[in-house]
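> Give me a 3D structure for the following:
(chains A and B)
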Amino acid sequence: MRYAMAIDTKKCVGCSDCVVACQTENNVPIGYCRDWIVEVTDGTYPQLEIELRSERCNHCDNSPCVRCCPTGASHYEKGGIVTVTHNKCIGCGACIASCPYDARYSHPEGYVDKCTFCFHRIEKGLKPACVAVCPTKCMYFGDLEDPNSEVSLVLKKRKHKTLIPEAGTKPQVYYLI
Amino acid sequence: MAQKRRDFIKISSLSAAGLIFGSQYLRSSVPEYAKQNLGALGPMSLHRTPTYCEVCFWKCAGWIYKNDEGKIQKIIGNDEDENCNGRLCPRGTGGVGMYYDEDRLKTPLIRVTGADGKQTFREANWDEALDVVAQKLQKIKEEHGPECTALFTHGSGGHYFGNLLKAFGSGNIAAPSYAQCRGPREVAFLATFGAGLDSPEPTDIRDTRCLVLIGSHLGENMHNGQVQEMSDAIDKGATIITVDPRFSTAASKSKFWLPIKPATDMALLLAWIHEIIYNEWYDKKYVEKHTSGFEQLKEHVKNFTPEWAHGITTIAPDVIRETAREMRNASPAVIIHPGRHVTWYGDDTQRLRAVAILNALLGSWGRRGGFYLPEKLEVPEFPHPPFPKPNKTWRDAMGGKYALADLALASGVCDATIPSPDLNCNIKGWIVNGTNLIMTLPDEKKTLEAIKNLDLLVVVDTMPMEITGYADVVLPECTYLERWDDIRVVHGRKPNIALRMPASDPLYDTKPAYWIAQKLAQKMGLGDYFNYEKFEDVLDWQLKQIGTSLDEMMRIGVKNYPRESGPLYFTEDDTPIEFGTNTGKIELYSTAIAAEGFDAMPVYTAHMTPPQGFYHLNYGRAPMHTFGRTSNNPNLTDLMDENTVWVNPKVAKEWGLKNEQPVYLENQDGIVSDFSIKVRITERIRFDSVYIVHGFGHANPKLSRAHGKGASDSQLISRVLLDPIMGGTGMRGNFVTFRMEKGSEAKS
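Next up, the predicted model:
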């Protein structure tokens, strides 16, 4: 089992629905977020290109945040999901500093919080809230080890990339380009 | 009758007690159950209530979920709903913020003048506030006649207050969504196909092979079903052609982006028509069978070559030809999208006629991948006595103009409120529900002039929008999450209905619009028109007429019905089709428009270009906001809390502007934005234009998150280009320049 996400930059319109759906699903306080939108514009008028990406924790295979956590609060769950056990977290912030994707934030309650791939939903056979809500259906989620999962199928079919691969973290969020 | 100047009152007398619930929730700790990293929080454990969204007019159906403490937690789309297919847009998902917004109106308010002459709002109970409204309406009726009252509305409340006014004897029921937005395209499509477009537009985007967007920024306007289908069309490899001076999100998804010179779209459309006719790329069988006026049109567009259009639009002739060929190749699965906010330059009905004609030539109307034939379920109106016929309406104040307008003009009602020797009846009382006229109508000065002449202004809203500051009485409505409402009836591929029921009792001393209208009716002796005990009884009665019940709808939320009007598209046999036009054909030459004395076929008119140092003021949407109504929503301001002014890097260099630098905008009439707006330097905007998102720059400090954030495009739209055919208010003829400080002179 290896959970992964693929996000189609050709379909994403950058509407931020994934952000607000995550906030209301996971009680993320106003002013904080576990996922966010990045817009990259290239070129000069009128020769232009835009890449729109919904970004979040990459649930890396080789996660610096898990390695540097002094209490073991940051750890791998089933399927490679990287999570934080809130009551073991001392809020030292080492993981925040170590993450090349800036995917973690300090919750006002004193612990570090981040995307869980909506573990509580996928356990029930549901998709993560961001995937389920996306009006453009630009996000695919599933098990990479299952060759017939929608994420495996779309990655086979489409050209894709990961973010900051040079950091060597083996990220598991793929962008279709 | 001269009235004392009506001062703007900030909603300032609210008690602090009401604030606790909202702010406590917003700032409080995360509930216990959610502290578990992999906690129990899941949709199965939450109670759900059916609703349909009120954040925009698309009205997607969904479920309101509550947490274990019984508090509203989230809203999720209903899978059975064709408008959203189980996926709400960011505004719908963030609709919870409307409920939790601690700045909401919380109690009725009545304008009072103190001994010192100072006007303030006094908190009132519902009975006294409604008494004041009923008495003032009766007084207007006695002194001027009931037809001297009007309703401005946007959203679900319009039906109840509309019925109240009709029962009272007034037919002045106007929504700015017509003359300030989609009106011209309705008139143009009625004139061409004998049918309007309505909402959602019957564009068959999911099966299209070519989608043409002209200034329409799907993806930034989150018209949910259409955005979803555009994404499906991208998956299927459809060609998208976007015409926009700005590199919109849709442009970035397009095979062809035509960075047109602003205000020249008509020339491009005429050149496309020319190419399609003279290359014989039109659908010959369809045109011959269904249209009238082809030869006149062919003669009319003879000289509108791509070379001619190049000089006007700056779009290269080969690009015009190639895009026309793309449309032909996809025909009839091609959509030249009519857009929605189309009140631009005053020749908008004619521009939309050109759009309709292009669709007709390509045979896309009534065809798969073009425009489908929608069907709507008829829900019987709850029985009430017949409405009296009003003695006069706003039309009588128009001197016979705008006869083709098929709905009331909000701007026309506003005009009819300003006294003039030509009018024998001025409108004296307004009810305003769910629309912030200060921002929705152009030419703020004129709106304020009209308001000054009113004997009564009642505002029914959930939020202290600017218009509330001018009210005599403010009536706080509860949000859509706290109320029953009419059954939502959508015209779509299938007839379908949706139910809205309250997920919570109204917070504060707020009430649903149906209750307010019924109580007012009772106080005015019109109770027979609202003859029911509870609104649920009305819904149950109506639902039983259409083969369901309130019980069933509370369980399923959305019900789809089989089509009864026939197939989704025209059949390809020889059955003749009767169109609702004068000739019964698709009119390429419009007899209805000609009969009113206007050009029967669209012509190109050159529009003004900005003077030196000024730029076209283009405005539009951001996907997480609906007009100005969401700009204080805590969840949505978290995504975007102010607008920016998009400036081309060359222009920025000329003015020495830096990213994020606050500037003021000044328009051609010397109007300076109330607030500064931050510069966004981007290649995505043409050098002769700037772009700002509509709905920001709120002036009422009681909108604590929205106040003073960004600039209001509405404030800068003081030049209105009236559409002579239907009275639409063209708003794209305004130009702005930069001011570094509010008081400073613009750089010359």
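> going forward, measure contacts between C-alpha atoms and count neighbours the same way
Will do.
> in a helix, that's where B:S156 is, yeah?
No. Per DSSP: H, G, I helix; E, B strand; the rest coil, B:S156 lies outside any helix segment and is coil.
> dump the residue contacts of it.
B:54, B:485-486 (Cα atoms under 8 Å, 6 or more residues apart in numbering or on different chains).
> what's the spacing between the most centrally placed residue in chain B and B:A397?
Residue closest to the average C-alpha location in chain B (Cα atoms, centre = their mean): B:S177, at 4.4 Å. Distance of B:S177 to B:A397, given as Cα to Cα, to the nearest Å: 21 Å.
> related to what we said a few turns ago, neighbour count, pLDDT and distance to B:G369 for the contacts of B:S156 - can I get that in JSON lines?
Output for the contacts of B:S156, formatted as JSON lines (neighbours: other Cα atoms under 10 Å in any protein chain shown; pLDDT from 0 to 100; distance: Cα to Cα, whole Å):
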{"residue": "B:E54", "neighbour count": "21", "pLDDT": "97", "distance to B:G369": "29"}
{"residue": "B:D485", "neighbour count": "24", "pLDDT": "98", "distance to B:G369": "34"}
{"residue": "B:D486", "neighbour count": "19", "pLDDT": "98", "distance to B:G369": "32"}
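> Looking at those residues, which one is closest to B:R739?
Nearest to B:R739 out of the contacts of B:S156 is B:E54 (Cα to Cα; 37.5 Å).
> Just confirm that closest one contacts B:G157, I think it does.
No. Applying Cα atoms under 8 Å, one finds B:E54 not in contact with B:G157, separated by 10.5 Å.
> Using CSV, write out every CA atom in stretch A:130-139.
Provided in CSV are the C-alpha atoms of stretch A:130-139 (Å, rounded to 0.1, in the frame of the first residue of the first chain):
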residue,chain,number,x,y,z
CYS,A,130,-10.0,18.2,-1.4
VAL,A,131,-10.3,15.5,-4.0
ALA,A,132,-14.0,14.9,-3.3
VAL,A,133,-14.9,18.6,-3.6
CYS,A,134,-12.8,19.7,-6.6
PRO,A,135,-15.1,21.1,-9.3
THR,A,136,-12.7,20.4,-12.1
LYS,A,137,-12.0,16.8,-10.9
CYS,A,138,-8.3,17.6,-11.3
MET,A,139,-7.2,15.5,-8.4
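> Wondering if that stretch reaches chain B at all.
Yes. With Cα under 8 Å from any Cα of the partner chain as the criterion, chain B is reached by stretch A:130-139 at A:132-137.
> May I ask which helix or strand encompasses B:T242?
strand B:239-243 (DSSP states H and E).
> for the helix or strand following that strand, packing partners?
Toward the C-terminus, strand B:239-243 is succeeded by helix B:249-252 as the next helix or strand (DSSP H and E). In terms of contacts (3 or more Cα pairs under 8 Å, 6 or more residues apart in numbering or on different chains; DSSP states H and E), helix B:249-252 is packed against strand A:47-55, strand B:239-243.
> now the ones you listed in CSV, with mean pLDDT, distance to B:T323 and mean neighbour count?
Below are those laid out as CSV (pLDDT from 0 to 100; distance: least, Cα to Cα, whole Å; neighbours: other Cα atoms under 10 Å in any protein chain shown):
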stretch, mean pLDDT, distance to B:T323, mean neighbour count
strand A:47-55, 97, 17, 19
strand B:239-243, 98, 7, 26
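> Can you check which of these gets nearest to A:I37?
Evaluated over those, closeness to A:I37 peaks at strand A:47-55, with 4.6 Å, by Cα to Cα.
> which outside residues touch the closest one?
Outside strand A:47-55, the residues that touch it by Cα under 8 Å, 6+ apart are A:7-10, A:12-14, A:16, A:18, A:35-43, A:175, B:247, B:249, B:252, B:683-684.
> on that earlier part again, ok, and the most crowded of the residues of stretch A:130-139 next to chain B?
A:P135 (32 neighbours; other Cα atoms under 10 Å in any protein chain shown).
> tell me which element it falls in.
With DSSP H and E as the criterion, A:P135 is inside neither a helix nor a strand.
> quick one: the strands in chain A?
Applying DSSP state E to chain A gives strands spanning A:3-8, A:36-44, A:47-55, A:74-76, A:82-84, A:105-106, A:112-113, A:139-143, A:160-161, A:173-176.
> Distance of B:Y99 relative to chain A?
Going from B:Y99 to chain A by Cα to the nearest Cα, to the nearest Å gives 13 Å.
> Tell me, how many residues neighbour that residue?
22.
> so what pLDDT did the closest residue to chain A within the stretch 1-150 of chain B get?
Closest residue of the stretch 1-150 of chain B to chain A, Cα to the nearest Cα: B:P90 (4.0 Å). We have a pLDDT of 98 for B:P90.
> could you list every residue that touches it?
B:P90 neighbours (Cα under 8 Å, 6+ apart): A:15-18, A:20-21, B:623-624, B:636.
> Nearest to B:E123 among the residues you listed?
Nearest member of these to B:E123, counting by Cα to Cα, is B:L636, at 29.3 Å.
> where does chain B dip in pLDDT?
B:1-6, B:8-46, B:422-425, B:744-748 (pLDDT under 70).
> go again using 90 as the cut-off
Applying pLDDT under 90 to chain B flags the ranges B:1-47, B:68, B:199, B:391-400, B:419-426, B:491, B:571-576, B:742-748.
> returning to what we had before: okay, the strands of chain A in a markdown table with distance to B:D443 next?
Listed next are the strands of chain A as a markdown table, based on distance: least, Cα to Cα, whole Å:
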| stretch | distance to B:D443 |
| --- | --- |
| strand A:3-8 | 43 |
| strand A:36-44 | 35 |
| strand A:47-55 | 35 |
| strand A:74-76 | 57 |
| strand A:82-84 | 54 |
| strand A:105-106 | 45 |
| strand A:112-113 | 48 |
| strand A:139-143 | 43 |
| strand A:160-161 | 50 |
| strand A:173-176 | 46 |
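> surely B:P317 meets B:G311?
No. The pair B:P317 and B:G311 fails to qualify as a contact (Cα under 8 Å) at a distance of 9.4 Å.
> Distance check, B:R555 against chain A.
21 Å.
> what's near enough to touch that residue?
So B:R555 contacts B:P50 (Cα under 8 Å, 6+ apart).
> doesn't it fall inside a helix?
Yes. Assigned with three-state DSSP, B:R555 falls within a helix.
> returning to that earlier point: pull the most distant pair out of the residues of stretch A:130-139 next to chain B.
Farthest apart among those - using Cα to Cα - are A:A132 and A:T136, which lie 10.4 Å from each other.
> OK, contacts around residue 130?
The chain I'm using is chain A. A:17-19, A:21-22.
> not what I meant, chain B
With Cα under 8 Å, 6+ apart, B:L130 has these contacts: B:519-520, B:523.
> Check A:A94 too.
Neighbouring residues of A:A94 by Cα under 8 Å, 6+ apart: A:65, A:68-69.
> I'd say B:I76 and B:R87 touch.
Yes. With contact defined as Cα under 8 Å, B:I76 and B:R87 form a contacting pair (6.9 Å).
> Pull up the overlap in contacts between those two.
Common neighbours of B:I76 and B:R87, using Cα under 8 Å, 6+ apart, are A:V133.
> What separation is there between whichever residue of chain A sits closest to chain B and A:W36?
Distances between chain A and chain B by Cα to the nearest Cα are smallest at A:D17, namely 4.0 Å. Look at A:D17 and A:W36: by Cα to Cα, they are 10 Å apart.
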